[in-house]
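Colleague: have a look at this prediction, sequence included:
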Amino acid sequence: MTLKGMVAVLWLWSATIAVSCSNKLKNVDADQISKAPTQVILNMDAAQTENGMVQMRLTADRMERYERSEEESVEIFPEGFNVLAYNEDGLLETQIVSDKAEHSVSGANEQWSAYGNVVITNYLEGQKLMTDTLYWNREEKKIYTDCYVRLYSPQGFMQGYGMESDERARDAQLLRPFDGYGIISNDTTRRVYTDTVNFIGPRYRR
């Protein structure tokens with residue numbers, strides 16, 4: 001075997017090992033190397049902290065990383081992910097779950113996308129949004145979608161197409177709402193909402 005042939009064999013062998021680092025081994029042909037993930041992580045659990053406090057936490061059953069070029073990469077979560085965001089006091093504020101997700105980086109641009117049964121819950125506000133597709137721009141710190149959205153809150157139910165909010169879903173706004181209804185109580189100046197996730201008891205708002 002020539003030196004060139006030995007180098008080719010070693011390169012193919014090392015690429016196969018990189019792809020097979022998960023529990024499910026894969027047979028990769030030479031013409032499929034460029035389409036194979038360069039990294040596979042099972043039971044992923046990553047956290048972002050600041051001053052010793054957790055700001056965000058991401059868990060996923062499987063993550064596959066693909067290198068498209070030196071400046072472009074994509075991470076795919078084929079079995080979905082679970083994102084938890086905490087407020088300044090360390091309380092769990094927002095949760096985002098979906099069937100599938102993707103994180104792409106191209107140069108200085110970064111984009112998160114979630115697909116299929118996307119549910120965004122703000123526990124402190126008592127709000128839940130449900131849609132099919134959600135985009136998360138970390139640089140602008142906002143989430144948005146153009147798809148059909150259902151919004152449940154202590155004020156009532158709203159639905160429509162398109163939604164924009166900050167990344168913690170504190171100020172979610174439907175862009176084209178229709179056919180919603182409100183909840184009217186006897187005392188319109190005071191409302192009680194109980195945060196059952198953080199166990200902080202009733203919070204009174206005016």
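Modeller: Cool, the structure landed. Residues are numbered from 1 along each chain as shown.

Colleague: tell me the bridge partners for the nearest residue to Ala114 once chain neighbours are set aside.
Modeller: Among residues not flanking Ala114 along the chain, Ser98 sits closest, at 3.7 Å (CB to CB, 6 or more residues apart in numbering). C-betas here are computed from N, CA, C, even on glycine. Legend: beta-bridge partners of Ser98 under DSSP bridges are Phe81.

Colleague: cool, Gln159 as well?
Modeller: Arg150, Phe178.

Colleague: residues in contact with it?
Modeller: Listed by CB atoms under 8 Å, 6 or more residues apart in numbering, the contact partners of Gln159 are Tyr148, Val149, Arg150, Leu151, Leu174, Pro177, Phe178, Asp179, Gly180.

Colleague: and Ala36, how far from Gly107?
Modeller: Taking CB to CB, to the nearest Å as the measure, Ala36 falls 23 Å from Gly107.

Colleague: kindly apply the preceding question to Asp61 instead.
Modeller: Applying CB to CB, the value for Asp61 to Gly107 is 29 Å.

Colleague: the two: who's more crowded?
Modeller: Asp61 (14 against 8; other CB atoms under 10 Å).

Colleague: mind checking what secondary structure that one has?
Modeller: The local conformation at Asp61, judged by DSSP: H, G, I helix; E, B strand; the rest coil, is strand.

Colleague: surely it touches Asn43?
Modeller: Yes. Here Asp61 reaches Asn43: they are 6.5 Å apart, a contact under CB atoms under 8 Å.

Colleague: any of the contacts of Gln159 buried? List them.
Modeller: When the contacts of Gln159 are checked for burial by 16 or more other CB atoms under 10 Å, the buried set is Val149, Arg150, Leu151, Leu174.

Colleague: would you list those residues in CSV and tack on pLDDT?
Modeller: Converted to CSV, the buried ones among the contacts of Gln159 look like this (pLDDT from 0 to 100):
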residue, pLDDT
Val149, 95
Arg150, 94
Leu151, 93
Leu174, 91
